[in-house]
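>>> Build me a structure from this.
(2 chains)
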Amino acid sequence: MKSDQFSPWQLWSLVILRVAIGWHFLYEGISKLLNPDWSSLGYLMDSEGWLEGIFLSMAGNSALLNVIDFLNMWGLILIGAGLILGMFTRPAAIAGMVLLAFYYLSHPPLIGATYVIPSEGNYLWVNKNLIELLTLWVILLFPTWNTVGIDRFIFKKYRI
Amino acid sequence: MSEQNQTGKENGMNRRDLLKGFATLPVIGAFAYGAWRKRRQDHLRSHRLARELNMSTGDLEYTRYAHDGDVIRLGIIGYGIRGTQLMKAAGFVQPETILEWKDAAAKDSRDHRYEDFLGQDDLNVVVNGVCDLFDVHAERALAAASNVGREGPDGTMEKPAKRYRNYRELLAAKDIDAVIIATPDHWHARMAIDAARAGKHIYVEKGLARRVEEVFAIRDAVRESNVIFQLGHQGRQTESYIKAREAVEKNLLGPINLIEVCTNRNTPNGAWVYDIHPDANSRSVDWNQFEEPCEVKHPFSAERFFRWRCWWDYGTGLSGDLLTHEYDAINQILGMGIPESAVSSGGVYFYERPEHYVNEVREVPDVWNATFEYPRLNLSLLYSATLANNRDRGKVIMGHDASMELGNSIRIYACQESTRYKEQIANGLIRTDLPIYTYIPGRKNVDAVTTPTEQYFADRGLLYTYRGGRRMDTTHLHIAEWLEGIRQGKQPSCNIDQAFEEGITAAMATIAYREDRKVFWDSEKQQVV
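Here you go, the predicted model:
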């Protein structure tokens, strides 16, 4: 479906959704940037589930941990800005889904899984990371950036 | 309009294009404004609070002790559980243990024992003599002493140290400058006194001694000598205690009236039911020498040899082993010294079960509480211990204005009825359910608002543990401080005066329990009554 086939309500509700997710990513990134003590160490150490071993080995390697911290922080910021502005939106949405998949897989709400990090809700198998990931999938399949977004100018030749 | 559109189209875009393309740009502006406002508010709150509290905001640098200069030649007396840990802290580990660590690290990336040991500073020492009454332990000590390459059995080995059958021979050796004493407590006084007289510097494990007379005798011998003395309370190297002292000095807590310290353990090992080595027998253990200081002699008992902490003949149970750590931590922060009086009570309430002993039920209590009074400071110190439940009760210093929770991190909570913080509580700057001051070692931002997640990890010792090689073994630092003192001719933090206060206080609590009475310290006459 192309964005010129959306009704105005459809278009703008999708844009608002895209911007809201972008805002969330951007603030998560900025707050990490502003906190000199932030590290993904604690989160990784708290991992459980199928890929626990991989996440723990990431936490155990301090050189790798620095790379992960950097990628995560700047990834969140760039993805957030991309989604809000509609700039390089497609790669931003895909990268966002990848990050969310990592978060989900390191803390899957499995039966019997308990985490040190307190949860603000009650979840079984489906949690907000998964929902945000699925929402980004929707954003990706219903492109709005060719109409509302800077991609309108960047990818001009594809513009309708 | 159409003209404009025409022009726009010629340029490749029109106004409609621009508006739609940049429609979400103002969101970035709103975001920037919101983020700035929030940061400013957090910043203002924490800075106003920090200003009111007047605590230094800089992080403490890890104390690095100097170890240049001459090589110090060590002798180790006692290579049991603690002796092994002390040798490791000094840089010497058996090759077999290194192999075990390497295997463990290969299987579990969280196992950092090998990496941490390799990262430990070289203290510029050699071990020239070892003394242990059990052959197996003595052999292990020799293997560790030789392992200068810090590797497995195929690594670099130094010529073996000499094994001494009696510590007096070790003290007479010319190639030994300093001794680490990690024997059962009933030997501490004799060994420390003899070492001081022999001019050997002393690192002795806690508790300093079992009896009041021994404590005085050690102090006299050390004072009459020129040796550098350190008592083994490695808690002296804990960063957060230094900050805690600052908080007390700046009167953040108001008049301190009650201090609660605890021990909570719930394993046989934690209750001193240690493994009995299968090779221990009357030939491999010099039992007569082990019992030399005892007034009443017993037939050979491997149980008593390995689990000596359970009998009054050799130790003082919770008093010398664990109260002393808690007491020394608080004494380091408050400098309150010897209490005016002590009472204590408890019993053997759990470890009298048949699975917990071989031939003899322990004598020392496994649940024990002691109260120390300091009328001249208007405060009580309460120690409470159980070896059959490990609920973490922490350490708390309570003042009229605030309470300080102490561990590896510090949290200070204002008291709802505080006089000092009354106004700030009323105007909302201080909330009594949130700490007014938090200190987490290694955290770059001391005064910043702590996130709940960060606090969770700090409390569990998980935070900043593996970053930038900052994880340090306090025992290593404590030995390093002692060695630096030897090289520079200065007494370290847990010197003989601190040790004296620890020894007298613990002895008072032990007497109170064993004689079932209130015990007093006469500070003028300098005697326990």
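>>> Give me the pLDDT value at residue B:83.
pLDDT for residue B:83: 97.
>>> in terms of contact, does it touch residue B:180 like I think?
Yes. The pair residue B:83 and residue B:180 qualifies as a contact (CB atoms under 8 Å) at a distance of 7.4 Å. C-beta coordinates here come from the backbone N, C-alpha and C atoms, glycine included.
>>> what's the overlap in contacts for the two?
Among the neighbours of residue B:83, those also in contact with residue B:180 (CB atoms under 8 Å, 6 or more residues apart in numbering or on different chains) are B:76, B:77.
>>> From residue B:187, how far out is residue B:345?
As judged by CB to CB, to the nearest Å, residue B:345 and residue B:187 stand 28 Å apart.
>>> and these two? which has more neighbours close in?
Each of residue B:345 and residue B:187 has its neighbours counted (other CB atoms under 10 Å in any protein chain shown); residue B:187 has more, 23 against 13.
>>> Might you report the residue contacts of the closest residue in space to the more buried one that isn't next to it in sequence?
In this structure, residue B:187 finds its nearest non-sequential neighbour in residue B:293, 6.2 Å apart by CB to CB, 6 or more residues apart in numbering or on different chains. Contacts for residue B:293 were tallied using CB under 8 Å, 6+ apart; they are B:186, B:187, B:189, B:190.
>>> Find the nearest non-adjacent residue to the third one, please.
In space, and not counting its chain neighbours, residue B:189 is closest to residue B:214: 3.7 Å by CB to CB, 6+ apart.
>>> can you give me the mean pLDDT across the host helix or strand of the one you found?
Residue B:214 is part of helix B:212-224 when elements are defined by DSSP states H and E. Mean pLDDT, computed over helix B:212-224, is 98.
>>> swap in stretch B:136-148?
Summarised as a single mean, pLDDT over stretch B:136-148 is 97.
>>> Buried residues of it, list them for me.
Judged by neighbour count using 16 or more other CB atoms under 10 Å in any protein chain shown, the buried positions of stretch B:136-148 are B:137, B:138, B:140, B:141, B:142, B:143, B:144, B:145, B:146, B:147, B:148.
>>> picking up where we left off before, what's downstream of the helix holding residue B:214, the next helix or strand?
Of the helices and strands lying after helix B:212-224 in sequence (DSSP H and E), the nearest is strand B:229-231.
>>> just how off-centre is that next one within its chain?
Chain-centre distance of strand B:229-231: 15 Å, with CA atoms, centre = their mean, to the nearest Å.
>>> and residue 35, how many neighbours?
All of this is about chain A. Other residues near residue A:35 come to 17 when the count uses other CB under 10 Å.
>>> my question was about chain B
Neighbour count of residue B:35, defined by other CB under 10 Å: 15.
>>> now do the one 10 residues further on
A count of neighbours around residue B:45, defined by other CB under 10 Å, yields 16.
>>> if we can go back for a sec, how about the residue nearest to residue B:189, what does it touch?
With contacts defined as CB under 8 Å, 6+ apart, residue B:214 is in contact with B:188, B:189, B:208, B:503.
>>> quick one: residue B:274 from residue B:151, how far?
Going from residue B:274 to residue B:151 by CB to CB gives 28 Å.
>>> Bridged to residue B:256, which residues?
Beta bridges link residue B:256 to residue B:399 when assigned by DSSP bridges.
>>> Kindly give the local confidence score, pLDDT, for it.
Residue B:256 is given a pLDDT of 98.
>>> cool, and residue A:40?
Looking at residue A:40, the pLDDT reads 86.
>>> Check the offset of the helix holding residue B:214 from the chain's centre.
On CA atoms, centre = their mean, the centre of helix B:212-224 falls 25 Å from the chain's centre.
>>> I'd like to know which residues of the stretch 1-150 of chain B are adjacent to chain A.
B:12-13, B:17, B:20-25, B:27-28, B:31, B:35, B:39, B:109-110, B:112 (CB under 8 Å from any CB of the partner chain).
>>> SS state for the residue nearest to residue B:187?
Following DSSP: H, G, I helix; E, B strand; the rest coil, residue B:293 is assigned to coil.
>>> Could you measure from it over to residue B:221?
Distance of residue B:293 to residue B:221, computed by CB to CB: 16 Å.
>>> can you check residue B:505 too?
20 Å.
>>> With neighbour numbers in mind, choose between the two.
The residue with more neighbours, out of residue B:505 and residue B:221, is residue B:505; 29 against 20, by other CB under 10 Å.
>>> Report the contact partners of the residue sitting nearest the centre point of chain B.
The structure's chain B has its C-alpha centroid closest to residue B:235; by CA atoms, centre = their mean the separation is 3.0 Å. Counting by CB under 8 Å, 6+ apart, residue B:235 makes contact with B:241, B:325, B:328, B:329, B:332, B:474.
>>> quick one: contacts for the closest residue to chain A within the stretch 51-200 of chain B?
Chain A sits closest to residue B:109 of the stretch 51-200 of chain B, with a gap of 3.8 Å, by CB to the nearest CB. Contacts for residue B:109 (CB under 8 Å, 6+ apart) come out as A:56, A:57, A:60, A:61.
>>> burial of residue B:132, as a residue count?
With other CB under 10 Å as criterion, residue B:132 counts 26.
>>> Leaving out chain neighbours, which residue sits closest to it?
Closest residue to residue B:132 apart from its sequence neighbours, by CB to CB, 6+ apart: residue B:138 at 4.2 Å.
>>> Could you check how many residues crowd around the nearest residue to residue B:134 once chain neighbours are set aside?
Leaving aside its chain neighbours, residue B:134 sits nearest to residue B:285 (5.0 Å; criterion: CB to CB, 6+ apart). Look at residue B:285: counted by other CB under 10 Å, it has 23 neighbours.
>>> likewise residue B:352?
Residue B:352 has 12 nearby residues by other CB under 10 Å.
>>> how about the nearest residue to it, chain neighbours excluded?
residue B:361 (5.0 Å).
>>> What strand or helix carries the one you found?
Residue B:361 belongs to no helix or strand when assigned by DSSP H and E.
>>> Just give me the neighbour total for it.
By other CB under 10 Å, 12 other residues sit near residue B:361.
>>> Okay, now the unreliable bits of the stretch 301-450 of chain B?
Within the stretch 301-450 of chain B, the set of residues satisfying pLDDT under 70 comprises B:442-450.
>>> Which stretches in it count as helices?
Counting by DSSP state H, counting those that start in this stretch, residue ranges of the helices within the stretch 301-450 of chain B are B:302-306, B:318, B:324-334, B:422-426.
>>> Could you do chain A as well?
Secondary structure of chain A, counting by DSSP state H: helices at A:8-34, A:41-45, A:52-60, A:62-85, A:89-106, A:128-141, A:151-154.
>>> Mean neighbour count for those helices - can I get that in TSV?
Listed next are these as TSV, based on neighbours: other CB atoms under 10 Å in any protein chain shown:
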stretch	mean neighbour count
helix A:8-34	18
helix A:41-45	21
helix A:52-60	18
helix A:62-85	19
helix A:89-106	20
helix A:128-141	17
helix A:151-154	20
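>>> So for residue B:340, which of those helices sits nearest?
Closest to residue B:340 of these, according to CB to CB: helix A:41-45, at 45.0 Å.
>>> Thank you, goodbye.
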